[in-house]
Every structure is written in C-alpha cells, then in structure tokens.
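In: Turn this into a model:
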Amino acid sequence: MKLLILDRDGVINHDSDAYIKTLDEWVPIPGSVEAIAQLSKAGWTVAVATNQSGIARGYYALATLEAMHARLRALVAEQGGEVGHIVYCPHGPDEGCDCRKPKPGMLRAIAQHYQVGLEGVWFVGDSKGDLEAALAVGAQPVLVKTGKGERTLEKGVPETTLIFDDLAAIARELI
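Out: Have a look, this model is predicted:
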C-alpha cells in the first residue's frame, strides 16, 4: 500500500490563528484538492491526521467538523479521487491525550486502520508538531511552505525533513 498522511489546516485548506470554525471558513489551498485526487488516482491512499482543539474550546461543534470533511471528500470525488481515513484530535492542549500532535496517536490510529507500519511513510505538515509526530513513529517528516510552513522553516526543522512549496508539488514528486 502506498500511504500518504496529511495534516489538514495549512496543508489542504487555508489555516487561521483564529481557527477554522465554520464551513464557509474552510477554503482549500489552490491545487490541494486536485493534488489529493491525482494521488488517489495514481494508487495512493491519502489519509488525514488533524488537531482540532477548537472542539474542546467550544469554537465549533463536531457536526461542523464532519461537514468540513464531507466537503473535502466531495471536492476530491468531483476530481475523480477519494480521501482515505480521517482522524482528528478534539482535545485541548492541556488534556493529556495521546492523540494531539506532536504525540503520534493519530498516526498510529491510521496505521492500525490500514494494518500497515509507518516506517518511511510520508507525513505532510506545516508545523513543528507535525514533524515531531512523524519522527516519533519513524515516518518521513515532510514540510509544506503553505499555512505555518514558512514560519516553521525559519525556526529550523529536523535534518531529515523534506521540504516542498505545497501539496501540488508533493503530488508531482510522488506521481
């Protein structure tokens, strides 16, 4: 199985320090939906692992998050592809869960769902926490410069990190 795991906010859709709280605020980064569809059509399984502490903070309901993911799935399907397993952490940063990145719980959940190992699997993110989660399970950390990616890059990234402009560039590389 060719598995690619993506963070959501800042990788697939535009991010906001004020959180993505409504379906209207969930706006794909240009080229990201097409990239996921192209990867899917080329035989890649594209899963998503996303921190969503806005749920714990009361900024939006679980139903709103599910509507955002339904929109993502529909847009990718319109391009002839599909989105694989989506996992999210609804907890706040102080709740001590094992799923909130940089902890690797969501990545392990995806591996368990597909019954695969994570060694060398690309995990694409835009933050230090994403890269740390990848390293914790032996996955390949991949940074995109979209979202918080440029700021993350300025602060320094692990030596083994692969760096791309955006998700479309990753799709071109992998296909």
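
In: How much space separates the residue lying closest to Ile29 once chain neighbours are set aside from Lys41?
Out: The shortest distance from Ile29 to any non-neighbouring residue, by Cβ to Cβ, 6 or more residues apart in numbering, is to Thr146 (5.3 Å). Where you see a C-beta, it was placed from the backbone N, CA and C, and this is true even at glycine. Distance, Thr146 to Lys41, using Cβ to Cβ, to the nearest Å: 22 Å.

In: what do you get for Glu173?
Out: 16 Å.

In: What ranges does the protein have for its helices?
Out: Ranges of helices in the chain, per DSSP state H, are 32-41, 62-78, 105-114, 128-136, 149-155, 167-174.

In: Could you export the ones you listed as a markdown table, including mean neighbour count?
Out: Below are the helices of the chain laid out as a markdown table (neighbours: other Cβ atoms under 10 Å):
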| stretch | mean neighbour count |
| --- | --- |
| helix 32-41 | 22 |
| helix 62-78 | 16 |
| helix 105-114 | 19 |
| helix 128-136 | 22 |
| helix 149-155 | 15 |
| helix 167-174 | 18 |
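
In: among the ones you listed, which is nearest Leu4?
Out: Minimum separation from Leu4 across the helices of the chain (Cβ to Cβ) falls at helix 32-41, 6.2 Å.

In: distance of Glu95 from Glu66?
Out: Going from Glu95 to Glu66 by Cβ to Cβ gives 21 Å.

In: that older thread, now distance to His91 and mean pLDDT too, for the helices of the chain, in TSV please.
Out: Shown next, in TSV, are those (distance: least, Cβ to Cβ, whole Å; pLDDT from 0 to 100):
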stretch	distance to His91	mean pLDDT
helix 32-41	26	98
helix 62-78	13	98
helix 105-114	10	98
helix 128-136	13	98
helix 149-155	22	97
helix 167-174	26	98
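
In: can you put the ones you listed in TSV and add distance to His14?
Out: Output for these, formatted as TSV (distance: least, Cβ to Cβ, whole Å):
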stretch	distance to His14
helix 32-41	10
helix 62-78	12
helix 105-114	21
helix 128-136	16
helix 149-155	12
helix 167-174	12
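
In: check contacts around the residue nearest to Ile29.
Out: Shown in contact with Thr146 (Cβ atoms under 8 Å, 6 or more residues apart in numbering): 10-11, 29, 126, 165-167.

In: Quick check: the two most widely separated of these?
Out: Applying Cβ to Cβ across the contacts of Thr146, the maximum distance is between Gly10 and Asp165, 13.1 Å.

In: if I look at these two, which residues touch both of them?
Out: With Cβ under 8 Å, 6+ apart, Gly10 and Asp165 have common neighbours 144, 146.
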